[in-house]
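Chemist: What follows is a predicted structure for the sequence shown.
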Amino acid sequence: MKILLALALSLAIHLGVYAYFQNFKVLQQQIITKKPEGKTSTHVQYVKLKKQEKPTKKVTKKQTTPKLVELPKELKPKPIPKKQIVKKTIKKTPPIKKAPKIALNKQVQKIQKPKPIKKVQAVEKPKEDLLKDVDPLTKEYAKLYDNFDQLPTKTKVFIIKNIKDIGEITGRYLIYPMMSAQAGQEGVNVVEFMLFPDGKISTPMIIKSSSYFLLDDNTIETIQEAYHDYPRPQKPTPIRIFVKYHLIRN
């Protein structure tokens with residue numbers, strides 16, 4: 001029974017709420033659809049615009065110039081006298097008279113330009129031929145030098161006077177190597193070294209070989225023993241000599 005009563009009450013409440021909302025919508029529609037009698041839905045109001053007032057001109061007061069009061073003559077300032085302008089008179093110089101042209105004589109010779117001075121080359125004095133009256137063996141030793149003519153004069157004089165003796169001294173110490181003699185080795189080699197004033201020499205060098213190293217080595221060893229007896233120069237002097245190896249066969 002209680003359940004049925006509760007259902008009945010809930011239905012009654014829902015129906016009441018539904019009916020209320022339906023009546024509310026009907027009333028709202030009636031209010032919207034109603035119009036005032038004799039009047040349209042739009043209302044236009046007319047507003048009168050105010051006239052624009054013209055801007056008022058500012059009245060500027062005219063400036064009144066003060067009246068000048070004349071001073072008595074005694075108090076009036078005296079006018080400053082103007083400086084007197086002195087006109088300077090410029091004397092015109094008389095025009096310079098041109099000198100009359102003098103007709104030149106056609107026979108006047110033209111000035112010749114000086115000829116350029118030719119440079120005179122200094123004539124070198126012919127070099128003295130120191131080998132002119134020298135023995136053939138000394139000439140052969142001199143030919144071993146590539147630049148004999150360019151050597152200093154004192155060096156050339158020492159070589160011409162002493163190179164033959166240096167060759168002979170070397171020959172005294174020369175011993176034919178036994179192995180070369182047995183092998184039948186012959187030839188000529190050229191050796192070069194520097195001879196110093198104190199009697200010492202630089203290491204001898206073979207500049208032309210005999211084609212046999214035994215003969216070349218023997219020449220160097222011979223000079224290293226014989227140089228003590230060489231003549232001494234005043235300045236370091238290059239010495240070139242040749243050594244001949246020749247077997248005498250019976």
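Modeler: It's in.

Chemist: okay, and for the protein, where does confidence drop off?
Modeler: For the chain, the stretches with pLDDT under 70 are 25-92, 94, 97-128.

Chemist: Apply 50 and report the result again.
Modeler: The model of the chain has pLDDT under 50 over residues 40, 42, 44, 47, 108.

Chemist: wait, what's in contact with the nearest residue to Tyr230 once chain neighbours are set aside?
Modeler: Nearest residue to Tyr230, sequence neighbours excluded (CB to CB, 6 or more residues apart in numbering): Ile166, at 5.4 Å. The way it works is simple: take the backbone N, C-alpha and C, and place the C-beta from them, glycine included. Going by CB atoms under 8 Å, 6 or more residues apart in numbering, Ile166 touches Tyr230, Pro231, Ile239, Ile241.

Chemist: Most neighbours among those residues, please name it.
Modeler: Of the contacts of Ile166, Ile239 is surrounded by the most neighbours, 26 neighbours in total, counting by other CB atoms under 10 Å.

Chemist: how about stretch 137-145: buried residues?
Modeler: Neighbour-count burial for stretch 137-145 flags Thr138, Tyr141, Ala142, Leu144, Tyr145 (criterion: 16 or more other CB atoms under 10 Å).

Chemist: List just the nearest of these to Asp217.
Modeler: Asp217 lies nearest to Leu144 out of the buried residues of stretch 137-145, by CB to CB, at 20.0 Å.

Chemist: Not counting residues beside it along the chain, what's closest to the closest one?
Modeler: Leaving aside its sequence neighbours, Leu144 sits nearest to Arg240 (CB to CB, 6+ apart; 4.2 Å).

Chemist: quick one on the thing from earlier: got the buried residues of stretch 137-145 as a markdown table, with distance to Met205 and secondary structure columns?
Modeler: Formatted as a markdown table, the buried residues of stretch 137-145 follow (distance: CB to CB, whole Å; DSSP: H, G, I helix; E, B strand; the rest coil):
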| residue | distance to Met205 | secondary structure |
| --- | --- | --- |
| Thr138 | 22 | helix |
| Tyr141 | 17 | helix |
| Ala142 | 19 | helix |
| Leu144 | 13 | coil |
| Tyr145 | 14 | coil |
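
Chemist: quick one: which of these is nearest to Glu192?
Modeler: For those, the nearest to Glu192 is Leu144 (8.2 Å; CB to CB).

Chemist: For the closest one, give me its contacts.
Modeler: Counting by CB under 8 Å, 6+ apart, Leu144 touches Val190, Arg240, Ile241, Phe242.

Chemist: any chance you could map the helices in the protein?
Modeler: In the chain, the segments counted as helices under DSSP state H are 2-33, 136-143, 153-173, 178-183, 213-226.

Chemist: In TSV: those helices, plus distance to Pro95.
Modeler: Output for the helices of the chain, formatted as TSV (distance: least, CB to CB, whole Å):
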stretch	distance to Pro95
helix 2-33	125
helix 136-143	92
helix 153-173	82
helix 178-183	116
helix 213-226	104
